[in-house]
Every structure is written in structure tokens, then in C-alpha cells.
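**Q** The sequence and its predicted three-dimensional model are supplied below.
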Amino acid sequence: MKSSLSLYFNMLCHPLLIICLMLGIGCLPLWEAALAANLEKVVFIPQWLPQAQFAGYYMAHEKGFYRQHGLAVEIRRGGPHSCAAECVQNFQADFGTMFLTAGIEKRAQGIGIINIAQIVQKSGLLLVSQKKHGILRPQDLMGKRVGLWAGDFQIQPRLFFHKYNLFVKIIPMGEGVNLFLRQGLDATSAMRYNEYHLLLNSGLNPEELTVFDMAEHGFDFPEDGIYCLEETWRRHPSRCRAFVAASLAGWRYAFAHPEETLDIVMRYVTEAHIKTNRVHQKWMLAQLQELIEPPGKAIPMGLLVPQTYRQVAQELQNYLLIKTIPPYEEFYRDCQSDVEKR
């Protein structure tokens, strides 16, 4: 990937621009065509459908940060029918997002996935129940119906059950909180930035709810990170650094300009026919900022803290979810440094 100065020089030397300059023509479309000709095309897929959880990437695209870093980025929709991890693994996408636990598990299985930026530094995963059902502490969940999503969303709750020696009836969950509201569950999974807010909007008050925050019970596992194949890093390290740099710029812009960001987010969700509203997406963006830039923690955006990585990997190994812990130096690449850490 070319530096900004090199990219600019190459654009100036593009044949189309040379012709325009020789003829004394100021031709904006040709300038844009020359710029596009020098951009590297990449595909990015987040792990879920459009929402403020991915606002930083939308803003990096809309504000031209990716183009400024020499990239033409196609943002595809993730979700239940387009698994981001599988798309990256199968060369259908250059970059994707996934939970840290998912990345570690895949690496431990021998899949050449690497983390090039840890975006979300804290866990937002909750188990929520109603106090009127007598559930006030972990032990009160014994024998209860607990709704869990599939895949990596089950890891922390299952570790939570193991810690407190709980035997519960696990009920597979889909989207939303209707099953819980209709008394089909005694406790439901919820992300603090999403389903918890839906519960509050349904008419439940915080004081009516018992919230088991996975982070507060010893399972504060960082979530969304940017991943690619090790082969992608080996062949295109500058491209990886450029994608990370532009994405981080997008997140910083999103937090600094929330209303403009919400305009963009609402456009994305409308195009995808997602049922939501601006109030909910505003809550989500604010909650994401606290998870990405945790108050009281001076963690540079995008850094995977070695100690945190080893703690999460150790928990996965302790509960036999992985056999061996992938070395930190093989799992993570510091894309904000000019020199790769080894």
C-alpha cells in the first residue's frame, strides 16, 4: 500500500491528469477516476446487520477515511446468513469483526485468523431477569429457563453457570426480547447496548430487573475486534494497517459527531429494512463508546492488551474450550506501529 504522499504523486502522474493539465482542462471527473484507479479494493463484513455497533466503519466509509488511506472498501452486511468469521476464513472478505473468544478459538483450532485491532475493550453481555420472580442472585437461577443465543454468545453464560454450580434449562433464543416479555423465559441474554434498552423501552424499570453483568462476575471478555487471515497480513501488511488506521479514525469521528453519525446509521438500517429507531441507535452508540473507550482505563483504541488476552485465553483453556493457548505474538498484530511486534 502506498503512503499518502506516494499516492498523491501517482495520481498527479496519471495519464488522464497529464492530458488535462496539458490541455489546460480542470476536469473533476477525471481526477476522481484517477484517484479510484489507485485505490486498493477490499471487502469488509461486520458480524451482524447494520446498526450503531458498526458506526465507526460506516463513518470511515462516508467521510472518505478509507479513500484517504488508499482503499476502496465495500461494506457487506453480516448477520445470521453471512457469518463474518466464515467469510474471512473462506476468502470471501478481506476483513471482518468477531468476538475475541471466537478469534482465539479459531486460532487454537489451527485456522490462520489474526487480530489486527481490538475495538471493544469490555464485555457488554448480560443475563437479565425480573425481581418479581424471586431471582436476585446467581443461585436463584438454579433450574430456571435461561435464554441463550447460539455460538460465542454462550461462552460467558456457561462459564457463569459453572462458576456458581448452576444447572439451568437452556432455551435457544432468536432476535429480540419478546419471549422473555411473554414469560417464556426466567432470564434472557441481552447486550447492554441493545436488548437491555429494548427491555427498558418495553415498560420495565431498571429497579424491577436483576442484571447479571458478565464483566462484574469475572468474565469481562473484550468483544468486537477486526480480523483477517494471516496470509492477508503477510501479503499486504500496509493494506491491513491502512484499514485499521481509517477505521479508528471513523470511530473517533463517530464519537465526536454523534448526531451526524446517527443520520448515517439510520440510512444504513433503513436500506437494510431493520426495525429500529433513532433513540435506540443513539443509546447504542453511547453505550459502545463506554465499551470502546472504557472510563478510567487508558487503553489506546485498537490495542489488544497482552494481559487481557492471556486471561481470556486461560479461561477458555480452563473450561476445556481450547486445548492450547495461541501465543499472543502470533495472534495479534499491532497495526498502529510501523514495526510488527514479534
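**A** Looks like it came in fine.
**Q** Spell out the residue ranges of the strands in the stretch 201-342 of the chain.
**A** 209-213, 225-229 (DSSP state E, counting those that start in this stretch).
**Q** pretty sure residue 154 is in contact with residue 147, am I right?
**A** No. In this structure residue 154 lies outside contact range of residue 147 using Cβ atoms under 8 Å: 10.8 Å. All C-beta atoms are positioned from the backbone trio N, CA, C, and that covers glycine.
**Q** Comparing the two, which residue is more hemmed in?
**A** With neighbours defined as other Cβ atoms under 10 Å, residue 154 and residue 147 compare such that residue 147 has more, 22 against 16.
**Q** C-alpha coordinates for the host helix or strand of the more buried one, PDB please?
**A** Per DSSP states H and E: residue 147 is located in strand 145-148. What follows is strand 145-148, C-alpha atoms only, in PDB (Å, rounded to 0.1, in the frame of the first residue of the first chain):
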ATOM      1  CA  ARG A 145     -35.300 -21.300  32.000                       C
ATOM      2  CA  VAL A 146     -32.400 -19.100  30.600                       C
ATOM      3  CA  GLY A 147     -32.400 -17.900  27.000                       C
ATOM      4  CA  LEU A 148     -29.100 -18.100  25.200                       C
END
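**Q** For that strand, which strands pair with it and how are they oriented?
**A** Counting by DSSP bridges, the strands paired with strand 145-148 are strand 169-172 (parallel), strand 187-191 (parallel).
**Q** Now do the buried residues in it.
**A** 145, 146, 147, 148 (16 or more other Cβ atoms under 10 Å).
**Q** Also stretch 312-331?
**A** 312, 313, 315, 316, 321, 322, 325, 326, 328, 331.
**Q** Tell me how far residue 83 lies from residue 273.
**A** Relative to residue 273, residue 83 is positioned 20 Å away (Cβ to Cβ, to the nearest Å).
**Q** Look at the two and report which has more neighbours.
**A** Per other Cβ under 10 Å, whichever of residue 83 and residue 273 has more neighbours is residue 83, with 19 against 8.
**Q** Can you spell out the domain ranges of this structure, please?
**A** Using automatic domain parsing, the domain parsing of the chain gives 1-38, 41-114+222-331, 125-217.
**Q** so of those, which one's packed in deepest?
**A** Per residue and on average, the most neighbours among the domains of the chain fall to domain 41-114+222-331, with a mean of 19 (mean count of other Cβ atoms under 10 Å).
**Q** That one - what's its average pLDDT?
**A** Mean per-residue pLDDT for domain 41-114+222-331: 96.
**Q** Any chance you could list what contacts stretch 50-59?
**A** By Cβ atoms under 8 Å, 6 or more residues apart in numbering, the residues outside stretch 50-59 that reach it are 44, 46, 48, 65, 75, 77, 97, 119, 193-194, 224, 247-248, 250-254, 257, 261-262, 264-265, 268-269, 271-272, 274, 276, 281-282, 284-285, 288.
**Q** Relative to the whole chain's centre, how far out is that stretch?
**A** Its chain's C-alpha centre and that of stretch 50-59 lie 9 Å apart, by Cα atoms, centre = their mean, to the nearest Å.
**Q** start at 33 instead
**A** New numbering, starting at 33: the last item is stretch 82-91.
**Q** The residue lying closest to residue 145 once chain neighbours are set aside: what's it in contact with?
**A** Nearest-residue entry for residue 145: residue 138, 4.6 Å, with adjacent residues in sequence omitted and distances by Cβ to Cβ, 6 or more residues apart in numbering. The contact partners of residue 138, by Cβ under 8 Å, 6+ apart, come to 117, 121, 145.
**Q** And for residue 185?
**A** So residue 185 contacts 157, 221 (Cβ under 8 Å, 6+ apart).
**Q** ok, now residue 119?
**A** Counting by Cβ under 8 Å, 6+ apart, residue 119 touches 77, 108, 110, 125, 128.
**Q** which residues does the closest residue to the second one other than its chain neighbours form a beta bridge with?
**A** Yep, that's residue 108 we're talking about. The shortest distance from residue 108 to any residue other than its chain neighbours is 4.5 Å, reached at residue 77 (Cβ to Cβ, 6+ apart). Going by DSSP bridges, residue 77 is paired in beta bridges with residue 128.
**Q** Over to residue 147?
**A** residue 259, residue 364.
**Q** Can you verify my assumption that it contacts residue 257?
**A** Yes. Residue 147 is within contact range of residue 257, at 4.9 Å (criterion: Cβ under 8 Å).
**Q** what is in contact with these two at once?
**A** In contact with both residue 147 and residue 257: 132, 135, 336, using Cβ under 8 Å, 6+ apart.
**Q** And what about the second one, helix, strand or coil?
**A** Secondary structure state of residue 135, per DSSP: H, G, I helix; E, B strand; the rest coil, is helix.
**Q** show me the contacts for it.
**A** 145, 146, 147, 257, 259, 363.
**Q** same deal with the last one?
**A** With contact taken as Cβ under 8 Å, 6+ apart, residue 336 is in contact with 132, 147, 149, 150, 254, 257, 360, 364.
**Q** same thing but 6 Å
**A** 147, 150, 364 (Cβ atoms under 6 Å, 6 or more residues apart in numbering).
**Q** Enumerate every residue touching residue 187.
**A** residue 133.
**Q** quick one: it is in a strand?
**A** No. Assessed with three-state DSSP, residue 187 is helix; it does not lie in a strand.
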